[in-house]
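S.K.: Provided below for reference: sequence and predicted model.
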Amino acid sequence: MKKVCKTNRKGVNSLIILTKWSIWKHRNGCVFEKASPSAATILNVIKNEHGLWCMAGAVESA
């Protein structure tokens with residue numbers, strides 16, 4: 001397995017956290033609010049949140 005270079009590590013770690021958080025929130029919606037499971041929904045949420053994080057000043061690594 002290749003390691004992530006030091007300059008990109010923070011961005012990759014943030015993306016991993018964002019992905020896990022989005023899956024967790026979607027799962028809670030399915031369990032507690034009877035939402036339908038949808039991978040497309042999760043991917044859209046991750047994409048939108050990533051954009052918001054970038055607009056808020058998160059630096060995107062190459």
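M.R.: Ah, there it is.
S.K.: Who are the packing partners of the longest helix anywhere in the chain?
M.R.: Longest helix in the chain by number of residues (criterion: DSSP state H): helix 6-32. If contacts are counted by 3 or more C-beta pairs under 8 Å, 6 or more residues apart in numbering; DSSP states H and E, helix 6-32 sits against helix 39-55. For every residue, glycine as well, the C-beta is placed using N, CA and C.
S.K.: What residues of stretch 46-56 count as buried?
M.R.: Residues 46, 50, 53 are the ones in stretch 46-56 that count as buried (16 or more other C-beta atoms under 10 Å).
S.K.: Please tell me how far the second one sits from residue 16.
M.R.: In other words, residue 50. Using C-beta to C-beta, to the nearest Å, one obtains 12 Å as the distance from residue 50 to residue 16.
S.K.: so what's the residue nearest to residue 50 when sequence neighbours are not counted up against?
M.R.: Spatial nearest neighbour of residue 50, chain neighbours left out: residue 18 (6.4 Å); criterion: C-beta to C-beta, 6 or more residues apart in numbering. With contact set as C-beta atoms under 8 Å, 6 or more residues apart in numbering, residue 18 has these partners: 46, 49, 50, 53.
S.K.: Is the last one in contact with residue 14, as I believe?
M.R.: Yes - counting by C-beta atoms under 8 Å, residue 53 does reach residue 14; the two are 7.0 Å apart.
S.K.: For residue 59, give me the pLDDT.
M.R.: Residue 59 carries a pLDDT value of 63.
S.K.: which stretches of the protein have low pLDDT?
M.R.: Applying pLDDT under 70 to the chain flags residues 1, 58-62.
S.K.: what helix or strand is residue 35 on?
M.R.: Using DSSP states H and E, residue 35 sits in no helix or strand.
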